[in-house]
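Undergrad: Have a look at this prediction, sequence included:
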Amino acid sequence: MTSASLFRTFQAASVIVLLTTASTGVVCAQNTPTDAVLTDFPADALALNSKEVDQRLRGQVYTGTSTTGNTFRIEYKDTGYVFINLSNGAKDSGTWRAEEGRVCVEYRGRIPSGCSELRATSDAVYGKREGANAITVMRKQ
């Protein structure tokens, strides 16, 4: 693997800080001050049970910005499939499932599979990938 392709893989994986995001496609959400790299969930973000995770994601398209600055677009299909596109050209697809307080994605390609803890406010969903220190912010497209 060349250093350029390794770097692209790392950039793609960083989006998954969330949603495995996370991934978590790339139509852009602007990086507002509240979308700066977060290390803790906002105080008003509520934990979600499995039903709430499913309701927030099923059939929805979200956009956001990864901790590396790549924007992404992620679509959670009603059928349990997920599609993600990143502004650096990376894309992947796979399956997703809602669990208690988190979403888990099994990607087919180069984006690492895994689970992210989710919390939400009225206007955003926040995700923290297992083992990560940063929070990804997603907003409905």
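TA: Looks like it came in fine.
Undergrad: Where do the helices of the chain begin and end?
TA: Assigned helices in the chain, in chain order: 3-15, 50-57 (criterion: DSSP state H).
Undergrad: got the buried residues for the shortest one?
TA: Across helix 50-57, burial judged by 16 or more other C-beta atoms under 10 Å covers 52-54, 56-57. For glycine as for every other residue, the C-beta is placed from the backbone atoms N, C-alpha and C.
Undergrad: before we move on, back to that, weakest of the helices of the chain by average pLDDT?
TA: Note on the helices of the chain: helix 3-15 shows the lowest mean pLDDT, a mean of 42.
Undergrad: where are the low-confidence patches of this protein?
TA: 1-36 (pLDDT under 70).
Undergrad: tell me what the longest strand anywhere in the chain is packed against?
TA: Longest strand of the chain, by residue count under DSSP state E: strand 91-99. Judged by 3 or more C-beta pairs under 8 Å, 6 or more residues apart in numbering; DSSP states H and E, strand 91-99 is in contact with helix 50-57, strand 81-86, strand 102-107.
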